[in-house]
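>>> Sequence and predicted structure below; questions after.
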Amino acid sequence: MEDRMQSLSRRTFLRAGAALGGGIISAGMPLSQVIWAAEGKVLKVRSNGDLVTLDPAFVGQAEEVDLTNCIYSKLTRYKPGTEWGWELEAADKIEQVDPTHIRFRLKKGIKFSGDHGELTAKDVKFSFERVIKLNSPIKPQWGSLNHVELEDDYSGVIVFNAPFAAVWLVPLPYAVGQIVSEAAVTKATKDGGNFGVKPPAFSGPYVLADWKPNQYALLTRNPDWSGPKPGFDEIRILPIPDAKAAERAYQAGDVDFTVVGLDSLSAFKSNPPENTEIAERASTRYTWIGMNIDHPKLKDINVRKAIQWAINVPQVLDTAYDGQSIAATGIIPPGIVGHRAKTLIPPEGDLAKAKELLEKAGVNDLTLTLDCTNDSKTSAIAQTVQAQLSQVGISLVVNARDPGTFWSLGVESEGDSWKDVQLFIMTFSGLPDPYDYVTWFVQDQVGIWNWQRFRSQRFDELNAKGLSINDPNERAKLYQEMQDLMEDSGAFRFLNNETNPVMYRTTQMKAAMRPDGTPLYIDFQPA
């Protein structure tokens, strides 16, 4: 789930201390006061938020992954362009031996910084297996991984307990497939645990030269890098969570690459800034209203279904997205295997039907809470839903929270706040395989990512079965049924799959992105 992933990287996990108005621009700190390491070919970009961790086993935000892609190596990587695909990175060769074994051979000469030696198959084994050993919140992205067998210093076999069809487009080219130095991490953490925002060694084309929380992250060239030379001497990443502030920063010349808010897209398209390219990509982000089915007020499925029918999705999107977004048919977006043609409940809903369901439940004068982040877009969604539910006699109290507070609400390990969660607005983003959309809602994820506390044995069985099917049409039917099960539980009201417009200054760069508009900084080139 990246949102990023681009607000959450399939899964923004506990944005501790993140301030919505944070960052250099909104903090009022002129960029001219920042003393940068060097001048030269400089890439200035905006990210949606600040860093929580740079450990690949624990990253949860798209903005973290964008950075870690520059400082670590992976066996494979996503290709830039408009079609999803992958290519070799640290691997010289990689092949599927059989449904549960993948053999790889590393390129020689990839060095870790700080005299930590060459990247070897032992580091691959350590990196992949520690995700499982440490019970990382993103370990589902490794599916049925069992272990890595070593053949020699540069070769090994990745072994799975069961076929894992998502391996090529989910873990291998993504953050969870990034390789860290066993020697460096063990020295830094003693037990190989989470090293947070202090990487003990780098193996990519850049190193993290400086980081000021809520101000900037500065990447400079890695002097030990032996691969193709990246296009820029420095990458300056500015955390600007608010889209409007980011747009102002772009217009002021403080950043040269940023996402455009959907409510601003029409204006920028009709009157773009000088020397600016606006690219609209199909985002993998999805937004929905979730309901905690374990809460006493929401245990009756008729109440949950009444809420589903009372929410008019097109009205929500017109208000929050200025008509620049279409209603979702589920969590899997267009272009990904398993996308549904339509929802079970019409996007427009039906107030009369909602009232009938409430009468069936014997409920009246119902007051509920809705938790959400306190950005302008999400607040607009919340206010629209609040007005819609009032039409069927449901009073909705909106709790707009800072991200650091919000992202701990439904997590059992963070305390008992999950017991009080009722309705919430959630945004995830996924990777280009349907597995990465559905696996976060299995029963094992209750109290982690599955805040709805949705439980379905059939859903769990299909989640496992889908990874052993290669035929895309057969896989599609399976994932469509899974989304039917989610919607039929009454715990989900799907809102939208967003587009992801970005703008960048053509006099400064030739941008390189994944098909969903996510930047691949090491492929950017100077204009």
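It's in. Numbers count the residues shown, from 1 in each chain.
>>> List of residues touching the helix ranked longest in the chain?
Using DSSP state H, we find that the single longest helix of the chain is helix 472-488. Helix 472-488 has contacts (C-beta atoms under 8 Å, 6 or more residues apart in numbering) with 165, 308, 329-332, 337-340, 343-345, 434, 437-438, 441, 454, 456, 458-459, 462-463, 465-466, 469, 492, 494. Bear in mind the C-beta positions are built from the backbone N, C-alpha and C, glycine included.
>>> ok, Val148 touching Asp123?
No - contact criterion C-beta atoms under 8 Å: Val148 and Asp123 do not qualify, at 10.2 Å.
>>> Of these two, which one has the most company?
Between Val148 and Asp123, counting by other C-beta atoms under 10 Å, Asp123 is the more crowded of the two (26 against 19).
>>> Check for me that the more buried one belongs to a helix.
Yes - when the secondary structure is assigned by DSSP: H, G, I helix; E, B strand; the rest coil, Asp123 falls within a helix.
>>> what ranges do the helices span in the stretch 301-450 of the chain?
With DSSP state H, counting those that start in this stretch, the ranges of helices along the stretch 301-450 of the chain come out as 301-310, 313-321, 351-361, 376-390, 403-406, 435-438.
>>> so which of those helices comes closest to Phe257?
Relative to Phe257, the nearest member of the helices of the stretch 301-450 of the chain by C-beta to C-beta is helix 376-390, separated by 20.3 Å.
>>> Which secondary structure element of this protein has the lowest mean pLDDT?
Between all helices and strands in the chain, the lowest mean by mean pLDDT, DSSP states H and E belongs to helix 403-406, at a mean of 86.
>>> list the buried ones in stretch 396-415?
Buried residues in stretch 396-415, defined by neighbour count with 16 or more other C-beta atoms under 10 Å: 396, 398-411.
>>> Tell me the one among those nearest to Ala527.
For these, the minimum distance to Ala527 (C-beta to C-beta) is 34.3 Å, reached by Pro403.
>>> Just the mean pLDDT for stretch 153-160, thanks.
Stretch 153-160 shows a mean pLDDT of 98.
>>> How far does that stretch sit from its chain's centre?
28 Å (C-alpha atoms, centre = their mean, to the nearest Å).
>>> Name the residues of that stretch that come out as buried.
With burial defined by 16+ other C-beta under 10 Å, the residues of stretch 153-160 counted as buried are 154-158, 160.
>>> out of those residues, which are inside strands?
Among the buried residues of stretch 153-160, the subset assigned to strands under DSSP state E consists of 155-158, 160.
>>> Quick one: the residues you listed as a markdown table, columns for distance to Glu129 too.
Compiled in a markdown table, those are given as follows (distance: C-beta to C-beta, whole Å):
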| residue | distance to Glu129 |
| --- | --- |
| Ser155 | 17 |
| Gly156 | 11 |
| Val157 | 13 |
| Ile158 | 10 |
| Phe160 | 12 |
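>>> for the chain, what's the longest strand?
Under DSSP E, the chain gives strand 276-291 as its longest strand.
>>> how about that one as CSV, C-alpha atoms only?
These are the backbone C-alpha positions of strand 276-291, laid out as CSV (Å, rounded to 0.1, in the frame of the first residue of the first chain):
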residue,chain,number,x,y,z
THR,A,276,6.3,23.9,-16.9
GLU,A,277,5.2,20.5,-18.0
ILE,A,278,2.0,19.1,-16.4
ALA,A,279,1.8,15.3,-16.5
GLU,A,280,-1.4,13.4,-15.4
ARG,A,281,-0.8,9.9,-14.4
ALA,A,282,-3.2,7.2,-13.1
SER,A,283,-2.5,7.0,-9.4
THR,A,284,-2.5,3.8,-7.4
ARG,A,285,-4.0,5.7,-4.5
TYR,A,286,-7.4,4.9,-3.2
THR,A,287,-9.6,6.6,-0.5
TRP,A,288,-12.6,5.2,1.4
ILE,A,289,-14.8,5.6,4.4
GLY,A,290,-14.1,2.7,6.9
MET,A,291,-16.2,1.5,9.8
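>>> Understood, closing this out.
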